[in-house]
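> Got a sequence here, can you build the structure:
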Amino acid sequence: MLKKLLAVIAVLFILIIASAIVLPIIFKDDIIAIVKEEANNNVNARLDFGDIGLSMFESFPDFTLTIEDIKVVGLDPFDGVVLADIAELKLSLDLMSVINGEKIDINTIGLLSPNLHVIVLADGRANYDIALPSESPEEVEESSSETSFSIGLKSYYIENANIIYDDRQGGMYANLKNFTHRGSGDFTQDDFLLSTTTTADGVTYRMDGVSYLNSTRLDMKFDVNMNLPNMKFVFDENYVKLNSLHLGFDGMVAMPSEEGDPIDLDMSFETKETSFKSLLSLVPAVFLTDFEDVETDGNLALSGMAKGRMIGDQLPLFALDLKVSDARFQYPDLPKSAEAINIDMHIKNPGGSEDNTLVDINTFHVELAGNPIDVVLHMRTPISDPYIDASIKANLDMASLADVIPLEEGQSLSGKVFSNIVLKGNQSAIDQERYQDFEAAGQLVLEAFDYKDPELPYSTVIKICSLNFSPQYAELTAFNMNVGKSDISLTGRIDNIVQWYVADAPMSGTFNFSSNTMDLNEFMAEDESAEAEEEATEESSGVVEVPAGYDFVLNTSITALIYENLNISNVRGSIVLRDQKIDMNKLAMNLLDGSMTMNGYYETNNPTEPSFDFNMDIIGWDIPQTYEYLEMVQKMAPIMESATGRFSTNMKMAGKMDQNMDPKYNTLDGGGMLTTRNVTLSSPKSLMKIAEAIKYDGVKSMTLDNTKVKYYFEDGRIRVDPTNFIIGKEIPSIFTGSHGFDLTMDYVMNLDIPSRLMGGAATQVVSGLMSQANKALGTNASVPERIKMDVDIKGTTEDPIITPRLAGTAGGSNPVDDLKGQALDELNKKKDELENKARDEADRLKSEAEAKARAEADRLKSDAEGAKAKAEAEARKKADEAKKKAEADAKKKADEAKKKAEAEAKKKAEEEAKKNLNKLFK
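Residues are numbered from 1 along each chain as shown. Take a look at the predicted model:
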């Protein structure tokens with residue numbers, strides 16, 4: 001008995017264990033679906049993932065939990081932007097903790113091939129902030145119970161990541177390609193050593209438009225002593241390699257224990273090598289071209305430090321020193337070298353305010369194939385009142401640069417650059433218009449600049465560019481440029497060149513722009529190089545971003561503008577570039593055999609969702625050309641595919657765009673009035689199907705001249721107000737309804753067709769309807785002179801669904817019943833009117849007869865009373881008899897008159913009903 005009991009218990013135990021293993025597998029898809037749904041209910045994003053796996057073989061004796069294909073896609077205002085696309089998330093779980101089930105220890109966390117794209121908009125909204133706020137946040141009660149998971153990390157890793165961090169509020173951009181980072185340490189301890197290694201094939205870093213690193217290789221090793229109770233982190237003998245530049249780091253960072261406390265810093269770095277070649281490796285054009293073969297000389301000293309406390313706007317003491325002495329480099333296959341390279345640069349701040357920062361570039365000198373470049377810069381009080389003492393002097397023959405730096409095969413460069421610019425003084429002198437207290441002089445001249453590259457479909461030639469400097473402004477006296485087939489001419493001035501340079505103010509100016517020919521197709525030609533395609537994929541969304549930091553007015557005049565297959569001429573107007581917005585003011589042009597004047601703007605303050613607001617006055621555009629060249633018109637007015645003639649419209653259109661710069665049609669607002677001119681519609685699908693449905697070919701084509709169509713955008717559809725037009729010369733019609741940008745239709749067309757115009761088939765249909773109606777009503781009505789019909793047009797432009805019906809009836813009803821109902825209603829109405837009229841006439845005749853009878857009786861009575869002396873009793877008797885007889889005669893006459901009137905009224909009602917039945921269809 002005991003053995004049987006033990007056997008039963010063993011079987012139950014095995015079943016329980018098997019169920020625990022098998023049931024999650026059987027119901028895995030349902031469990032995953034529930035997890036996905038719950039996750040999406042708690043984030044402002046679309047979250048998805050693939051399979052979930054659990055294995056003991058990958059990291060035995062630990063369990064490995066794997067989640068595949070994790071993807072997080074943003075919603076408004078980041079609709080379509082992929083925040084994270086992770087091939088695999090792996091967690092290594094301690095086996096014994098899983099078996100015990102009380103507390104699961106996570107030993108390792110890893111991300112494989114993640115693609116991360118972080119965006120912070122100018123207004124501070126970030127696409128990583130996806131957690132939905134709780135509708136009714138509950139107070140978190142302290143609990144002494146432990147959670148069922150414990151992060152007892154021993155290691156973590158990120159492998160083969162591509163990361164973009166785009167902070168538009170802070171003006172910072174970073175791009176890491178093929179980034180791998182590994183870290184190990186005992187995170188269960190309060191005090192432990194964290195060892196990390198980091199590599200990346202390319203690091204790009206820009207701040208406020210200045211590029212500090214450009215596709216730079218990264219190799220970094222950092223070992224950090226982590227003191228978590230005191231939040232103190234000590235770096236000891238660590239290094240960072242940027243291309244060939246090898247820097248060693250030491251120091252300490254102590255984070256604040258309470259909010260509002262300062263951060264303590266004591267850090268320093270210096271170059272591990274003193275060779276100039278290591279610094280030269282950071283110059284991309286040099287590093288990417290046979291860098292190992294470059295011959296160099298010269299010494300390098302680079303160091304920096306930061307020490308003290310940092311809190312709020314208060315900075316610690318910091319310094320950066322760079323010195324290059326008597327350096328040179330030369331490619332072995334090139335005839336000339338870069339000589340006499342000397343740099344002496346110091347940036348320091350004694351601590352406290354950022355305004356205490358001192359920048360001194362005492363020397364920056366290089367001679368490229370004998371062409372000298374000298375730069376000197378001193379800056380003080382950069383925040384309160386920037387002071388600048390700078391000079392830029394250069395005299396370059398661009399063709400000689402090819403003797404120093406190798407160009408790609410087929411590339412060529414020529415031209416001359418001359419500069420002798422001097423700037424000295426405080427910004428306040430310019431702000432207060434004390435121009436005598438600020439020195440600004442010199443010019444920058446570029447002549448006969450010619451650049452050719454076989455990967456570009458065009459050459460670039462700058463015939464002349466001359467920029468003259470003064471304290472008030474920098475005047476562009478001449479700028480003539482040819483890019484492929486396009487010519488560009490500019491004159492004007494930059495009004496705040498000094499403020500822009502020293503105080504990071506938006507550059508403002510006014511220019512006159514003119515061109516005889518602008519071929520935009522050349523600028524949009526695809527770059528076939530794989531590198532360019534990769535860069536476009538990783539760094540660009542397809543949105544043409546309007547750059548920030550500019551305030552330009554461009555008075556524009558273009559004789560011929562070529563865009564795709566469009567030939568645009570006589571472009572005139574004003575274009576304003578300001579606040580990441582392009583404003584167009586009375587921008588007029590000729591195109592599509594007509595003209596257009598445009599006002600409005602395109603802006604990219606939120607590059608994930610650009611917006612636009614245009615007012616267009618279009619006159620006389622040719623319809624076939626418009627439909628062929630403008631894709632949006634194919635969605636706005638698909639019937640134009642079957643049309644010829646011209647149209648004009650004044651249209652307002654505002655809305656948002658997606659990442660491909662296509663309009664988000666459900667955001668469109670506006671509308672306008674369209675006027676046709678000699679427009680002919682030739683057999684569009686909808687009209688063909690209408691003709692087939694009503695058996696009348698006369699509606700297959702139509703001519704619309706001076707027809708006015710009022711339309712407006714709403715909820716992704718174009719709605720059309722009731723529009724009157726005439727088909728042929730004898731068919732009045734009304735058209736109203738809407739169609740979507742998805743090409744679905746919901747229209748009604750009212751037709752009033754003369755029956756004589758309809759063919760045999762159509763007449764046979766109408767005659768059949770009339771015959772049934774006459775039989776039902778007992779009438780003998782003939783085919784009416786006009787047939788009034790409503791035609792419902794639904795479906796899509798490619799597959800219209802046509803439903804004809806008698807005018808004023810609901811769709812789907814039986815036409816015979818409709819006809820019979822209309823006739824009966826009209827007949828009963830007229831019959832009631834005539835019967836009421838006859839009854840009133842009979843009552844009138846009766847009243848008149850009774851009045852005459854009473855008058856006659858009164859007369860007889862009066863006569864009888866006159867003969868009272870002879871026989872009063874006899875007279876009274878005769879009088880009464882006469883009165884009764886007179887009343888009886890009067891009543892008889894009244895009844896006869898009433899019967900006669902009612903008979904005549906009934907006869908008239910029947911005749912009138914028959915007439916109205918024939919008029920019903922007129």
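> If you count neighbours, what's buried in stretch 469-487?
Buried residues in stretch 469-487, counting neighbours by 16 or more other C-beta atoms under 10 Å, are found at 469, 471-476, 479, 481-484, 486-487. In short, each C-beta sits where N, CA and C put it, glycine included.
> What is the end-to-end distance of it?
This stretch, stretch 469-487, spans 26 Å end to end (C-alpha to C-alpha, to the nearest Å).
> pLDDT of that stretch, averaged?
Taken as a whole, stretch 469-487 has a mean pLDDT of 93.
> got CSV for the buried residues of stretch 469-487, with secondary structure too?
Shown next, in CSV, are these (DSSP: H, G, I helix; E, B strand; the rest coil):
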residue, secondary structure
Phe469, strand
Pro471, coil
Gln472, coil
Tyr473, coil
Ala474, strand
Glu475, strand
Leu476, strand
Phe479, strand
Met481, strand
Asn482, strand
Val483, strand
Gly484, coil
Ser486, strand
Asp487, strand
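> Check the protein and tell me which residue is nearest its centre.
With distances taken as C-alpha atoms, centre = their mean, Met657 lies nearest the centre of the chain, 2.4 Å away.
> a markdown table for the buried residues of stretch 469-487, including distance to Arg434?
Output for the buried residues of stretch 469-487, formatted as a markdown table (distance: C-beta to C-beta, whole Å):
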| residue | distance to Arg434 |
| --- | --- |
| Phe469 | 17 |
| Pro471 | 9 |
| Gln472 | 11 |
| Tyr473 | 15 |
| Ala474 | 18 |
| Glu475 | 20 |
| Leu476 | 25 |
| Phe479 | 30 |
| Met481 | 36 |
| Asn482 | 42 |
| Val483 | 41 |
| Gly484 | 46 |
| Ser486 | 43 |
| Asp487 | 41 |
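> If we only consider these, which is nearest to Leu401?
Met481 (19.8 Å; C-beta to C-beta).
> Contact partners for the residue nearest to that closest one when sequence neighbours are not counted?
Excluding its sequence neighbours, the residue lying closest to Met481 (C-beta to C-beta, 6 or more residues apart in numbering) is Ile488, at 4.4 Å. By C-beta atoms under 8 Å, 6 or more residues apart in numbering, Ile488 lies in contact with 479-482, 513, 515, 518.
> if we can go back for a sec, just to check, the residue nearest to the centre of the chain is in contact with Ser611?
Yes. Here Met657 reaches Ser611: they are 7.2 Å apart, a contact under C-beta atoms under 8 Å.
> one step back: pLDDT at the residue nearest to the centre of the chain, what is it?
Met657 is assigned 91 on the pLDDT scale.
> quick one, what contacts it?
543, 609-612, 663-664.
> how much space between it and Val544?
To Val544, Met657 is 10 Å away according to C-beta to C-beta, to the nearest Å.
> The residue nearest to Met481: which element?
strand 486-494 (DSSP states H and E).
> partners of that strand, with directions?
Applying DSSP bridges, strand 486-494 is found paired with strand 474-483 (antiparallel), strand 507-519 (antiparallel).
> any chance of those in JSON lines, plus distance to Asp333?
Formatted as JSON lines, the strands paired with strand 486-494 follow (distance: least, C-beta to C-beta, whole Å):
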{"stretch": "strand 474-483", "distance to Asp333": "31"}
{"stretch": "strand 507-519", "distance to Asp333": "37"}
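> So for Met305, which of those sits nearest?
strand 507-519 (34.4 Å).
> returning to what we had before: would you check how far apart the residue nearest to Met481 and Phe479 are?
7 Å.
> Asp297 too?
Distance of Asp297 to Phe479, given as C-beta to C-beta: 40 Å.
> now do Glu564
27 Å.
> cool, and Ser257?
59 Å.
> Same check on Asn160?
In this view, Asn160 and Phe479 are 46 Å apart by C-beta to C-beta.
> which parts of stretch 321-331 are buried?
For stretch 321-331, the neighbour count (16+ other C-beta under 10 Å) marks 322-325, 327-331 as buried.
> For beta bridges, what are the partners of Thr736?
Val748.
> One more: Tyr602?
With DSSP bridges as the criterion, Tyr602 is bridged to Ile582, Phe612.
> Could you tell me the model confidence score at it?
Among the per-residue scores, Tyr602 shows a pLDDT of 96.
> before we move on, what about the one 3 residues further on?
The predicted local distance difference test score for Asn605 is 86.
> Tell me the one among the buried residues of stretch 321-331 nearest to Ile793.
Distances from Ile793 to those, taken by C-beta to C-beta, are shortest for Tyr331, at 72.6 Å.
> which residues does the closest one contact?
Counting by C-beta under 8 Å, 6+ apart, Tyr331 touches 289-290, 293-295, 404-406.
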